[in-house]
Structures are given as C-alpha cells and as structure tokens.
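In: need a structure here:
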Amino acid sequence: MRSLLVCLFSLIASCCQLSAQVFPKEGSALCYRLIGFSFPAEAGATQYKIEVATGAYATVTEFEKKVSSTMPSKSNRLIAEVSSFGSHYTWRTVSYVNGKVKAKSDLHHFSTMIVPDVDAKVTRLSITKGAEKYKDAYVFVDETRALYDMKGRSVWFLPWAKGASQTTDPRDIQITPQGTITFLQECQPHEVNYNGEPVWQYKGHITSSTLDTFHHEFVRLNNGHYMGMVLDNVFLKRPLFKDEIARNRADTEKFYQDIQYNKIVELNEKGEVVWQWNGLDYIEHSDLAFTANSDLPNSDLNFHQNAFYFDEAKKTILLSFRDVWRVLKIGYPEGNVINTYGPVYHQNDSVLESGPFCYQHGCKLSRTGDLYLFNNNQCGTPPVPTIMVLRETKPGSNALKKIWEYKCTIDDPQIASMKNLKFISGGNVLELADGSMFVSMGAPYCKLFIVGYDKKILWSAIPERYEAQTGKWQAVNVLYRASIITNRKDLENLIWNSEKG
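Out: Numbering: from 1, shown residues only. Predicted structure coming up:
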C-alpha cells in the first residue's frame, strides 16, 4: 500500500511538473506578443511544431479550423510572435519522430492585453529609414512605455507599476545583465521581469527625506548591485554675489539662492547602501564653490546632475552637470575626481570659460576609453544637438580634442523653422559593438536613429501619437532616453528568465 501511495504521489508530482513547464501559462494575460513558447519534451521526438489560432476555442475541431500560423522548432521551446495585442489565442504542440506525427498536446490558452501605448490607432513608431544591418534589434522608448522591433511594431509594453500614477511616464527603461528590466517611475527605481512582474524595488532611506528622490538614470550592475542618482532633498544657501558685502549679509535672503545636491549611490540586492559619492563634498571643494560676477546675480549656477555612467571594467564613473556644462571622471571605489571636462569658474574674475559642449544629457566612455556624449548644443549656431567623441590631448589632461562629431538633423520643417529652437534637456547616445551610435534626441524633436562612424544613417524613427482633435499624427513631446537590444542572446535571456520559478 505504501509503495502504491509513493507511486501515485510521484505520478501527481510528475504531472504537475509537466504542467508547470508549459508557457505561456494557461489563461495568462500577457503584456507582450513576442512570446517564449515552452512545453514538455516528448521522448524520442526529433521535431516539433506549434500551431496557433486567434480566438479562444474549447474543442480540437474548432481549433483546427481556425489555425492561422504554424511554427516549426527543433527543441521544446521557441520564441515567436503572435499577430496582435488585445486578442485571445489557442495553441498546441505537435511532436514528430522522423517526420511522422507522434503526439499532439492538449489545447492551451492565453491572451494579450492592450493599452493605448501599443494600440496602433493611438501610438506608433514611425520609421523614416528602414534598418538593414540592425533589422533584428529592438528598441525601448520611455515616452511610449514600449519595446519595438526595427519596423516600428510594438512587441511589449510596461504595465503600470503598483501604486504609480498613470499620468507619469517612466524613465530609463533598459535591459539588465541579469535578464530583467529596470526603470524609474515617480522618482523611484523598479525592476521587473519580461512579464512585468516585480523583481526588486527600493524600500530604504539614503537621505533625510522620508522618500528618496531617484532621477534620470538607474542601472543594475554585472555584480547584481544597483546604481543611481539621488537628490539629497536638503537645500543649502549659496550667495548670489561674490563680493564681501554680499557675503557679510548672510541673513538677507535675497542675496542667496537654494542649491540642491545629489549623491551617486550603489545598493546591494537588499537595498542597502554599499557605496556612495557625495556631490556636496565635491562642489564645496571645487571651483563650483566660487560665485558669479559681483554685479550680476548668478542665475545660471545650477548644479543639476542629469547623467552618469559606470564603466565597471575600467572602474570609472562619469557624471554630467548639465547647467555648468561639466563632466567629471571619478575613480571607483575611491571616489576621487580623476578629471574635469568642460568650463572652469575662476575665483578672481569669475570667467566661465567656454567648453566643447553645453547642456549635455548623456556621457559615456567608448571602448577605446574616449568620452562621448549627447551635446544639446544650445550654445551653438544653429542650436541643434551633436554627438561628440572627445579624447584627452594627453593621458590625464582635462583638455579635449574632438575626434568625431555628428550634427543631428531635424526633418520636420515646422520644428526646424522655430525662432527660439531650444534643446536643453533630454537625449542620449549609446555606442554599439561596431562603433555605430544609437541616438535618442530630446524635446522638441524626439527622433531615434543609428548613425555609422562614416556618418551614414542606418535606421531612424519618430515616436508619435494620434491627435483626435486635429486628425493628425504628432511626434511625442518629450523623450528623455531610449535604449536598444542588439544581441539576440540578451533578448532570449530576458524572455526565458521570466519563466523561471
């Protein structure tokens, strides 16, 4: 009797295990249509086929009449697309041995959800230059909360984070080395899997605020830790004038302005701070502590930090100060400032020396160790953004020489002809494996493109929304960042990782 119970228990466990191996799970509602189908392997099978029908069918007869696509596979898992969001699907697998049908599975069912961000009647990624070399890549767009293929078709969308306002757009959606997705929502970091299910969320305290304010960028590192920028939320007064009279009137509010400081923090998987770099310490002991000309209020002295980049291999962090047009190179973990790129304030004459870039929004180190960035170029004529690659004139020098530059173009004549065209925030750039640059421009012209080192455009697109009042498609208003997946292995890791557990 005991052996019979053991056998029965083993059989039940085996059946449960087989059932658990079927993905998508029975009755699941998916936030994607690029799907990782997986199912139990059939003993001796040499080939498989997945059959899919649009609609929910209970009987094999109904299903077989409606099969719309078949997908062959050499193994018991396959990544493939279904046709649309907002639909129900029925599917099954057929296994073969030497070309002959061995078995057909039971019918399985799932559906794909739909939101305005992936409704083709409401939101789209309009392709202005088709891809050839990068035709198999995928692009995350913050403003539309979606992942697109290079033909502009949405294949995934970010479900609303629990408790988040549906009027707040996410920032910095990107894939992690661990096969998950990180982003910022309402100034808080989130990590989800491909299914949109929470993986990690920060719940600690770094500053004196009851709710720390993360901003601009947040990444997961190769070692499993996280890194981001946090506003200190402590406002400190700095004099608007540098002359002694102003300094002696510290109690007079009108001579002082509020300056908010930032920290770069590294968190472990438990959300504990394991390393930090304090912007206040740097500012108070650098030329940024000097104030403006004694005759004019220093309205431009804003220490707004809008980008960082951690090169884990080189143990170097880059930090961008947008309004003072500065990029720092910081040693890790020492936290020492290795170099300073951009203008310099002088204590005696308060001259702001011109630098090679201004209002930059992204900064990174290339594979060759050069600085490259998205230069909003509001100081240029015309003030259209450029992508710049800059090299130290000699190792360790803060003097830079431009070794490559691409001047962004505006295809929309209405925007190009604006009298007060301003690019002062948004935008990003990412060097790809072949040296090409993936670029996302910020407002007021939110174009995405890939440009080769020979300055030829390899792909370009505009994220747009349909305006019911005008009956026209309009480019989105803001695009802080976009990211790209070019490696098939990374894509597969993202999809299969969501089926663990």
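
In: pLDDT of the host helix or strand of Val52, averaged?
Out: Assigned by DSSP states H and E, Val52 belongs to strand 47-54. On average, the pLDDT along strand 47-54 is 97.

In: Put the alpha carbons of it into PDB.
Out: Provided in PDB are the C-alpha atoms of strand 47-54 (Å, rounded to 0.1, in the frame of the first residue of the first chain):
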ATOM      1  CA  GLN A  47      11.000  17.800 -34.400                       C
ATOM      2  CA  TYR A  48       8.100  19.900 -33.000                       C
ATOM      3  CA  LYS A  49       5.500  22.300 -34.400                       C
ATOM      4  CA  ILE A  50       3.500  24.900 -32.600                       C
ATOM      5  CA  GLU A  51       0.000  25.600 -34.000                       C
ATOM      6  CA  VAL A  52      -1.700  28.900 -33.100                       C
ATOM      7  CA  ALA A  53      -5.200  30.100 -33.700                       C
ATOM      8  CA  THR A  54      -6.600  33.600 -32.900                       C
END
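
In: List the strands paired with that strand, with their directions.
Out: strand 67-73 (antiparallel), strand 87-97 (antiparallel) (DSSP bridges).

In: Let me have those in a markdown table, extended by mean neighbour count.
Out: Placement of C-beta: from N, CA and C, glycine included. What follows is the strands paired with strand 47-54, written out as a markdown table (neighbours: other Cβ atoms under 10 Å):
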| stretch | mean neighbour count |
| --- | --- |
| strand 67-73 | 14 |
| strand 87-97 | 19 |
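
In: Turn the ones you listed into TSV, columns for distance to Glu191.
Out: Shown next, in TSV, are the strands paired with strand 47-54 (distance: least, Cβ to Cβ, whole Å):
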stretch	distance to Glu191
strand 67-73	30
strand 87-97	28
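
In: Redo those strands as TSV? Include mean pLDDT and distance to Ile206.
Out: Compiled in TSV, the strands paired with strand 47-54 are given as follows (pLDDT from 0 to 100; distance: least, Cβ to Cβ, whole Å):
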stretch	mean pLDDT	distance to Ile206
strand 67-73	96	47
strand 87-97	97	44
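
In: what's the next secondary structure element after the strand holding Val52?
Out: helix 60-66.

In: What residues sit buried inside stretch 404-413?
Out: Trp404, Tyr406, Cys408, Ile410 (16 or more other Cβ atoms under 10 Å).

In: And the contacts of it?
Out: 128, 384-389, 416, 437, 439, 441, 445, 447, 451, 453, 455, 475 (Cβ atoms under 8 Å, 6 or more residues apart in numbering).

In: 6 Å instead, please
Out: With Cβ atoms under 6 Å, 6 or more residues apart in numbering as the test, stretch 404-413 has contacts from Val384, Pro385, Thr386, Ile387, Met388, Val389, Ala416, Met441, Tyr445, Val451, Lys455.

In: Quick one: list the elements packing against the helix or strand hosting Ile495.
Out: Assigned by DSSP H and E, Ile495 belongs to helix 488-497. On a contact count with 3 or more Cβ pairs under 6 Å, 6 or more residues apart in numbering; DSSP states H and E, helix 488-497 meets no helix or strand.

In: what about stretch 180-189, how long is it end to end?
Out: 13 Å (Cα to Cα, to the nearest Å).

In: ditto for stretch 440-457
Out: 13 Å.

In: Distance from it to the middle of the chain?
Out: On the basis of Cα atoms, centre = their mean, to the nearest Å, stretch 440-457 is displaced by 16 Å from the centre of the chain it belongs to.

In: and if you look at stretch 209-228?
Out: 13 Å.

In: List the buried residues of it.
Out: 212-220, 225-228.

In: ditto for stretch 434-444
Out: Buried, per 16+ other Cβ under 10 Å, within stretch 434-444: Ser436, Met437, Phe438, Val439, Ser440, Met441, Gly442, Ala443, Pro444.

In: from the residues you listed, which single one is nearest Ile35?
Out: Phe438 (25.4 Å; Cβ to Cβ).

In: related to what we said a few turns ago, so of the contacts of stretch 404-413, which ones are in helices?
Out: Among the contacts of stretch 404-413, the ones falling in helices (DSSP state H) are Ala416.

In: which two in the contacts of stretch 404-413 are spaced the farthest apart?
Out: Val389 and Ala416 (25.1 Å).

In: Compare these two and say which is more crowded by neighbours.
Out: Val389 (21 against 13; other Cβ atoms under 10 Å).

In: Pull the contacting residues for that one.
Out: Applying Cβ under 6 Å, 6+ apart, one finds that Val389 lies in contact with Asp370, Tyr372, Ile403, Trp404.
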